[in-house]
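Enquirer: Kindly generate the corresponding structure for this input.
(2 chains, ligands or ions: 2)
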Amino acid sequence: MSTYNFDYLDELEAEAIHILREVAGQFEKPALLFSGGKDSITLVRLAEKAFRPGKFPFPLVHIDTGHNFEETITYRDQMIERIGEKLIVGSVQESIDQGKVVEQTGKNASRNALQTVTLLDTIAKYQFDACIGGARRDEEKARAKERIFSVRDEFGQWDPKRQRPELWNIYNGKIHKGENIRVFPISNWTELDVWNYIRREKIELPSIYFSHEREVITRNGQLMAASPFLNMDEEDVVERKQVRFRTVGDMSCTAAVESDAFLIDDIISEISASKISERGARLDDKVSEAAMEDRKKGGYF
Amino acid sequence: MNILKFFTAGSVDDGKSTLIGRLLYDTDSILADQLEALQRSNRKNDDGTIDLAILTDGLRAEREQGITIDVAYKYFQTEKRKFIIADTPGHIQYTRNMVTGASTANLAIILIDARNGVVEQTIRHSYIVSLLGIKHVVVCINKMDMVDYSETVYSAIIEKYKILAQQLKLADVTYIPVSALKGDNVVQTSEHMRWYEGESLLHFLEKVDTDHLDRSQLARMPVQWVVRPQTAELHDYRGYAGRVLSGTFNLNDKVTVLPSGASSVVEKIEFFDEELAAAHAGQSVIIHLKDDVDISRGDTIVNASALPQETKLIEADLCWMDTRALDTSIMYNIQHNSKVTKCKINEILHKVDINTLEKHPAEEFKLNDIGRVIVKTADALAFDLYDDNRANGSAILVDTRTNLTVGALMFRAAVE
Ligand SMILES: Nc1nc2c(ncn2[C@@H]2O[C@H](COP(=O)(O)OP(=O)(O)OP(=O)(O)O)[C@@H](O)[C@H]2O)c(=O)[nH]1
Ligand SMILES: [Mg+2]
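Expert: Ligands and ions are numbered 1, 2, ... in the order given. This is a model prediction of the structure:
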């Protein structure tokens, strides 16, 4: 037998491709949730590896909070152009205009929580039976508990006490009408694995992941990008700093870190040495010990 | 660098979650903000130190009750290796979650509370480990701090476990006395147990040789998806996408497609923009065949000179995982890799009494019962015996009324 080199990235990649193909094979109307962040960008590359030279058997779905970093939208549109796949946008602004959700007020107002409603509406409108997401188990302790095929009821809710057994590499995608499965192909990847993969595959990322100068304010000990979407008052002092983002979400809840890392190698050494987790840079998880679990029970990604 | 996947098993409160917390803590794998959250938490040990179990007990209900309900996956790495850990629950009620965590692992850590020795759950979990064919077992005798780090206590327990290991045919068992709470022999070897000459748990895990490479001749690839671009320039393109379960496919290998039995030859192997000379176990690829055969999802491409079993009657071990008991009068779906077909449990051959490991005839099969059955499938499955080829020798049962996964099957024999 010939010897071959099958290292940990190859193994994680092969597992993710297998999962994506199971989605294609088991569901009628799957979708890939694309946020513009590095994890969903990684998913797109994995989907290319799973299905090329064929088309993706699912559209990309972006739940747009309207509070985006411009760079991610530019990136999104260029990427769609390059890969030639279908993009569906679910708009939080529309949900607000329709009166389905109410914009939060106050200093820490964010549209992050509102996304769930738009997501569930989009799923209902297009009757998606499976939604592929880029969540990883190393991100957060409730995520660490979730199956790769995770069943959501008609109301989008995750019930952590009634998860199905998930054995070997056999994924049970059978659901009742109205239910939906969230699929997490990169469950077993760590933040560092994603970065190492992006480096190995030479995947381009939105520029905000790399060091740049930006106007920021310090809030709750974290650097937030100064923007019209952030409710600011006299107490907020705007400074110019050299920063980058470790995770990309809604502008009003994603914090920056001070960094001089211009190149992916710098980022990888920075993360390897870092003592703060990626989710530590998100205000939405700071609310309570079970913040993520509660949001997931309510239908969040 | 390769990945070692392991899980912790053992009875309730034997210290599984604490041990994992300790491994992460002592290898500096816990980040500052997570540590800060731990310190803020009100679940503390009696002496005020942080309770490391809450690192993995991530659900509200778990933290409230101080027990693990479902598997948590944790990740860490040292200079030598990457680790994926599944922290599984000890409570009998959640055995199915334990089996979930165990099914993808290649090493089991079984914890035993030094004060209690081998108890029913130790036996149950060890039995499941043997059923699942997990080759490497580390038995950690935990809470040594509560028995004065006594060698006598330790020796008595391992003597007892050795008998169990022999009964269960667990070949590779390593014993380590630890205190998950205090950290003895977890990452560093202990000052308190100079009588123990072995290495720490972490050192053992870094070194243990779990050769992933599958050298078997049993080349198998279930087809998950047929890639057909149907564009002008790729009009005749027809690629079979799947993950090689076992063995190797080389260019020009003679293959058989099951269930049709059609034979052909491997013409091309693609991986995205590369063409490969061979596809090995674990790789997700696209295979092209020379002949135009009708292949769809659920079919399996196999090495023509090492064919799998193909019957509709299979003898299998069954772990029942649903609160609703097995009903031998109804049809279930059986899912074997990418193939789904209907099946019935034709006969219950025996059930295993976990305390004595004796086999008893049985009429009923309830939650957490384990035993031997005969499955009758609507379509024949192309399978191998679990001991020869884990990946192609296992399947799940799905209840079509609830869509729940209700059983885990390990194939033991083809019934002629
Ligand atoms: N003294 C002492 N106490 C320990 C040790 N290991 C764990 N404990 C304590 O035992 C209790 C149970 O520990 P856990 O780690 O939650 O047990 P578990 O095996 O994960 O329990 P389940 O997951 O619910 O089955 C906790 O109070 C721990 O602090 C040890 O080495 N020494
Ligand atoms: Mg536990």
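Enquirer: Just the helices from the stretch 251-400 of chain B, written as ranges.
Expert: Assigned by DSSP state H, counting those that start in this stretch, the stretch 251-400 of chain B shows no helices.
Enquirer: Close to chain A: what parts of it are there?
Expert: B:271-273, B:277-278, B:280, B:282-284, B:297, B:321, B:333, B:335-338, B:390-391, B:394-396, B:398, B:400 (C-beta under 8 Å from any C-beta of the partner chain). C-beta here means a position set from N, CA and C on the backbone, and glycine is covered the same way.
Enquirer: try it again with 7 Å
Expert: Within the stretch 251-400 of chain B, the positions adjacent to chain A are B:272, B:278, B:280, B:282-284, B:297, B:321, B:335, B:337-338, B:394, B:396, B:398 by C-beta under 7 Å from any C-beta of the partner chain.
Enquirer: okay if I get these as TSV plus distance to A:Trp189?
Expert: Formatted as TSV, those follow (distance: C-beta to C-beta, whole Å):
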residue	distance to A:Trp189
B:Phe272	18
B:Ala278	26
B:His280	21
B:Gly282	16
B:Gln283	18
B:Ser284	15
B:Arg297	26
B:Met321	27
B:Gln335	25
B:Asn337	23
B:Ser338	23
B:Ser394	24
B:Ile396	25
B:Val398	28
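Enquirer: Need those residues in JSON lines (columns: neighbour count).
Expert: Compiled in JSON lines, those are given as follows (neighbours: other C-beta atoms under 10 Å in any protein chain shown):
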{"residue": "B:Phe272", "neighbour count": "18"}
{"residue": "B:Ala278", "neighbour count": "18"}
{"residue": "B:His280", "neighbour count": "22"}
{"residue": "B:Gly282", "neighbour count": "20"}
{"residue": "B:Gln283", "neighbour count": "24"}
{"residue": "B:Ser284", "neighbour count": "26"}
{"residue": "B:Arg297", "neighbour count": "20"}
{"residue": "B:Met321", "neighbour count": "23"}
{"residue": "B:Gln335", "neighbour count": "23"}
{"residue": "B:Asn337", "neighbour count": "26"}
{"residue": "B:Ser338", "neighbour count": "23"}
{"residue": "B:Ser394", "neighbour count": "25"}
{"residue": "B:Ile396", "neighbour count": "26"}
{"residue": "B:Val398", "neighbour count": "23"}
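Enquirer: contacting residues for B:Leu245?
Expert: Neighbouring residues of B:Leu245 by C-beta atoms under 7 Å, 6 or more residues apart in numbering or on different chains: B:Arg220, B:Met221, B:Pro222, B:Ala281, B:Ala391, B:Asn392.
Enquirer: Got the phi and psi for whichever residue of the stretch 1-150 of chain B sits closest to ligand 1?
Expert: Here the stretch 1-150 of chain B gets closest to ligand 1 at one residue, B:Gly90, 2.5 Å apart by C-beta to the nearest ligand atom. Main-chain torsions, B:Gly90, degrees, to the nearest 10: phi -90, psi -20.
Enquirer: before we move on, back to that, between which two of the contacts of B:Leu245 is the distance greatest?
Expert: Greatest spacing in those, by C-beta to C-beta: B:Pro222 and B:Ala281 (12.7 Å).
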